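1. Sequence first, predicted model second:
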Amino acid sequence: MSPPVAPPGWSRWLVPPAALSVHLSIGQAYAWSVFKPPLESALGLSGTQSALPFQLGIVMLGLSAAFGGTLVERNGPRWAMTVALICFSSGFLLSALGAATEQYWLIVLGYGFVGGIGLGIGYISPVSTLIKWFPDRPGMATGIAIMGFGGGALIASPWSAQMLESFGSDSSGIALAFLVHGLSYAVFMLLGVLLVRVPRTEKPVGDGPSAFDGPQVSARNAVRTPQFWCLWIVLCMNVTAGIGILEKAAPMITDFFANTSTTVSASAAAGFVALLSAANMAGRIGWSSTSDLIGRKNIYRLYLGVGALMYGLIALAGDSSKPLFILCALVILSFYGGGFATIPAYLKDLFGTYQVGAIHGRLLTAWSTAGVLGPLIVNWIADRQEEAGKDGSSLYTMSLFIMIGLLAVGFVANELVRPVHPRHHIPAPESKEAPDVQRQQPA
């Protein structure tokens, strides 16, 4: 499937909606918790078992993005979005069959494995295209799309809950909800497949900066540079810190104020989770757009340095003031989302646009690592502290200080980032056509 080249006069502002149609769809992954209690009740699963499809999906996201990134760059965004559509929707259809027949392994295979491949390919599918359309504002462009992944759950959570209420929370009701999800997301993602285009020339935006100016580095060479591994550490540390709060947000705020006069009800804890999701989404567009003004290294200094300060305030004084706790948590989650949205532009600054999608895919293995590491730190320490007879905020004090240490490691790694040595650059193309159209391979 050849990359669709934009005709003369094509507006670049049609490309972000195409990316959003994919990211808003695959962002449903953050709403998996809606299906956990019904599945546990209908199929007799434990909490660990009901979490397995989501966990496998996140692992497959990182792996498919890493191993499929080069194919995405080679075949273009329309091919990638089509693969994402087929895999993500098929995952729901397989899950529907599994729920209808009460075969849990089909749900794990469908949502976790097949759907997870769709997550990874869909996540990186628009990145390099957006950067090439918006060389003057790459942070804003990728922030718009990746904001959709963070905001997908805001749509999917109430929608899924309403379907389960209407269809029933038994196995047949869950199967019907999965079926509706699969068909609806296929139609919505198809809009992006039909709408996406790649730039016609190397200067798609008047006389502005070209997306293809400056040094260009292939994905194969990029992973051999210290800059890539510094950014891997930066992303892993930032995500670990954010997901540690996100995954345990409701019980954490409840525990923090359990021994105070201002206890937190279950409904208030759910509202806190919704606030965190909104901060996560807002940070993706807000902070990534700010990085276009102040630079990528400076914005990560903010994420990591101020993030560590926020964790310190929660650890030392979080249980004394509910507004302080909520404010610090919102800032941390906005940095969590901003880190995801800014990293493609940071990669573009260092490695160019030649295979930035493939490089981004390889870097997302840091997300897979953090997705295991963050919840493990917070949950394991909280369990050990509870066994030791502690309660309230003391359940989390140690893990909060560990997060501060991890953010400090990320801060140092960010300071070590330097321009890529010219020996890693590829020769400049002789033709004026965009690399998407030429499908060049590194010499």
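-> On my side now, so go ahead. Residues are numbered from 1 along each chain as shown.
2. Average pLDDT for stretch 39-56, rounded please.
-> Mean per-residue pLDDT for stretch 39-56: 83.
3. From the chain's centroid, how far away is that stretch?
-> The chain centre lies 22 Å from the centre of stretch 39-56; the measure is C-alpha atoms, centre = their mean, to the nearest Å.
4. Any stretches of the chain with poor pLDDT?
-> Within the chain, the segments meeting pLDDT under 70 span 1-3, 47-48, 201-214, 247, 266, 270, 428-443.
5. contacting residues around the residue of it most remote from its centre?
-> Computed with C-alpha atoms, centre = their mean, the residue of the chain farthest from its C-alpha average is residue 261, at 37.0 Å. Contacts for residue 261 (C-beta atoms under 8 Å, 6 or more residues apart in numbering) come out as none. C-beta coordinates here come from the backbone N, C-alpha and C atoms, glycine included.
6. now do residue 152
-> Contact analysis of residue 152 by C-beta under 8 Å, 6+ apart lists 23-31.
7. for residue 413, same thing?
-> 230-231, 233-234, 237.
8. where's it relative to residue 230, distance?
-> In this view, residue 413 and residue 230 are 5 Å apart by C-beta to C-beta, to the nearest Å.
9. Closest to residue 298 out of the contacts of residue 152?
-> Within these, the smallest distance to residue 298 is 25.9 Å, found for residue 23 (C-beta to C-beta).
10. can you give me the offset of the strand or helix carrying the closest one from its chain's centre?
-> Using DSSP states H and E, the element containing residue 23 is helix 15-26. Offset of helix 15-26 from its chain centre (C-alpha atoms, centre = their mean): 13 Å.
11. which residues sit against that helix?
-> 77, 81, 84-85, 88, 118-119, 122-123, 125-126, 129-130, 133, 141, 144-149, 151-152, 155, 185, 188-189, 191-193, 195-197.
12. Repeat the analysis, applying 7 Å as the threshold.
-> 81, 84, 88, 118-119, 122-123, 125-126, 129-130, 133, 141, 144-146, 148-149, 151-152, 155, 185, 188-189, 191-192, 195-197 (C-beta atoms under 7 Å, 6 or more residues apart in numbering).
13. ok, now stretch 349-367?
-> 61-62, 65-66, 68-70, 72-73, 124, 127-128, 131-132, 211-212, 214-219, 222-223, 227, 231-232, 235-236, 239, 296, 343-344, 347-348, 420, 426, 435.
14. re earlier: ranking by neighbours, what's the top pick from the contacts of residue 152?
-> Counting neighbours by other C-beta atoms under 10 Å, residue 25 comes out on top of the contacts of residue 152 with 30 neighbours.
15. okay but residue 343 is in contact with residue 235, surely?
-> Yes - Residue 343 lies in contact with residue 235 (C-beta atoms under 7 Å); the separation is 5.6 Å.
16. For these two, work out which one has more neighbours and name it.
-> Each of residue 343 and residue 235 has its neighbours counted (other C-beta under 10 Å); residue 343 has more, 29 against 25.
17. List buried members of the contacts of residue 413 by neighbour count.
-> Buried members of these, counted by 16 or more other C-beta atoms under 10 Å: 230-231, 233-234, 237.
18. so of the residues you listed, which ones are in helices?
-> Among the buried ones among the contacts of residue 413, DSSP state H puts 230-231, 233-234, 237 in helices.
19. so can I have CSV of those showing distance to residue 55?
-> Formatted as CSV, those follow (distance: C-beta to C-beta, whole Å):
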residue, distance to residue 55
230, 28
231, 25
233, 23
234, 24
237, 21
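20. which one of those sits closest to residue 37?
-> The closest of those, once distances to residue 37 are taken by C-beta to C-beta, is residue 237, at 32.5 Å.
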